[in-house]
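Asker: coords please:
(2 chains)
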There are 2 protein chains.
Amino acid sequence: MAQLDFWVSIGSTYSYLTVMRIDRVAHAAGVSVRWRPFNVRTIMIAQDNIPFRDKPVKLAYMWRDIARRAARHGLPARLPAPYPLPQMELANRVALVGMAQGWGPDYVRATYRRWFVDGQPAGESPNLEASLTEVGQDVRAVFELADSRAVGEALEDETAEAQALGVFGAPSFAVGREVFWGDDRLEDALEWAATGRIAPAAG
Amino acid sequence: MAQLDFWVSIGSTYSYLTVMRIDRVAHAAGVSVRWRPFNVRTIMIAQDNIPFRDKPVKLAYMWRDIARRAARHGLPARLPAPYPLPQMELANRVALVGMAQGWGPDYVRATYRRWFVDGQPAGESPNLEASLTEVGQDVRAVFELADSRAVGEALEDETAEAQALGVFGAPSFAVGREVFWGDDRLEDALEWAATGRIAPAAG
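Answerer: Next up is the predicted model:
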């Protein structure tokens, strides 16, 4: 089956659109998705790629654009959501634990929903505990693992792999070494995964 | 008839995709397009919004992404094209003259084609003269007008109007005060122009 790596980083705003729809649209395209949590902030700081800080016009546009794209995808959203996230690192460590244990995508969707619909920042109370409970996890056990040096290093390793691949933002998608950036490139990435090319659109 | 303002700035790379297809897709959507040349660089410098300088990874991605999007839209492209353009100001002054005289869109398409297919930078020799000749204009007469203080001020006025509207990049589209940025938002903008909203996509 065709496969796509979904480089997901909780803290990225446009990724809300992607986490809520990728499994459905990938299934429809016959593509299997591997969720790969990483810390996009590490890469963006390393590359001095800071798109919104001190850019009020661009930031205001981002929220308006996300509102319209959420409408396009039939997703609820109360915007602007809290941003940036202070606890991005922890949010993604938990995601990494979840991917290893099989509840990762459900947790990511749950925490994004609380962030974008209920206004609770991801990676901290009460969002984090409620999202873990919602996906059937023992909060204390997950926290202990997520806090461990092994998981911290695993997240750094994943982030380094993303950066080596050419990922510089989130969400990103990779098919082999072919990288696509942005929720609005998900369809291109799925087509590439399924067919190895981008065909001219009709019309 | 529904109307869309197309804020176009020769020098923007992704705008190649838009200038080559906007008239066709807008016609199909029943939307009339008003081409509005401006100098996006003025706004980007004022807002310290410099997305690619000293960002080699993001720049390399941009060319790869444009290649794939050109394939999607059935457009030829020899990439990377020369970038950035030293003579962006003149290229857009000429576009403004052309819009007033009715040959503007044809000139913009001609100069982009020479830039993105033949590798000749827009706004300078031989691209500028050849593009003007192709669209039936007297090169010397156009240069004289484009060089005038009146046209320089008109381009500044248009740029100020774009900035006041919230435009911060190119290509941008506006329907009243609703602004859309990026070739990948053209379909959203056309839908907004035609219906005043974004409807949930099927599927």
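Asker: CA atoms for contacts and neighbours, from now on please.
Answerer: OK.
Asker: could you say which helix or strand holds A:Trp7?
Answerer: Element membership of A:Trp7 [criterion: DSSP states H and E] is strand A:2-8.
Asker: give me the distance between the helix or strand following that strand and the centre of its chain.
Answerer: Sequence-wise, the next helix or strand downstream of strand A:2-8 (DSSP H and E) is helix A:15-19. Distance of helix A:15-19 from its chain centroid, counting by C-alpha atoms, centre = their mean, to the nearest Å, is 6 Å.
Asker: go on, stretch A:184-194?
Answerer: 16 Å.
Asker: now do it: everything it contacts.
Answerer: Stretch A:184-194 is touched from outside by A:2-4, A:18, A:22, A:26, A:29-31, A:173-175, A:179-180, A:197-198, B:184, with contacts defined as C-alpha atoms under 8 Å, 6 or more residues apart in numbering or on different chains.
Asker: among those residues, which are in helices?
Answerer: If you go by DSSP state H, these have A:Thr18, A:Ile22, A:Ala26, A:Ala29 in helices.
Asker: in ChimeraX, select just the buried ones from those residues.
Answerer: Burial among the ones in helices among the contacts of stretch A:184-194 is assessed by 16 or more other C-alpha atoms under 10 Å in any protein chain shown; the matching ChimeraX selection reads:
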select /A:18,22,26
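Asker: the ones in helices among the contacts of stretch A:184-194: which two are farthest apart?
Answerer: Using C-alpha to C-alpha, the two most remote members of the ones in helices among the contacts of stretch A:184-194 are A:Thr18 and A:Ala29, lying 14.9 Å apart.
Asker: who in chain A is up against chain B?
Answerer: For chain A, the contact set with chain B under C-alpha under 8 Å from any C-alpha of the partner chain comprises A:47-49, A:51, A:55, A:57-58, A:61, A:65, A:68, A:71-74, A:166, A:168, A:180, A:184, A:198-201.
Asker: go again using 7 Å as the cut-off
Answerer: A:47, A:55, A:57-58, A:68, A:71-74, A:166, A:168, A:198-201 (C-alpha under 7 Å from any C-alpha of the partner chain).
Asker: quick one: the strands in chain A, in order.
Answerer: Taking DSSP state E as the criterion, chain A carries its strands at A:2-8, A:31-37, A:172-175, A:178-181.
Asker: in the helix or strand of chain A at the bottom of the mean pLDDT ranking, which residues are buried?
Answerer: The helix or strand of chain A with the poorest confidence is helix A:40-46; it has a mean of 91 (mean pLDDT, DSSP states H and E). For helix A:40-46, burial by neighbour count (16+ other C-alpha under 10 Å) applies to A:Val40, A:Arg41, A:Thr42, A:Ile43, A:Met44.
Asker: report the distance from it to the chain centre.
Answerer: 14 Å.
Asker: swap in stretch A:65-72?
Answerer: 17 Å.
Asker: what does stretch A:84-92 give?
Answerer: For stretch A:84-92, the distance to the chain centre is 12 Å (C-alpha atoms, centre = their mean).
Asker: A:Phe116 is in contact with A:Leu75, isn't it?
Answerer: No. Counting by C-alpha atoms under 7 Å, A:Phe116 does not reach A:Leu75; the two are 9.9 Å apart.
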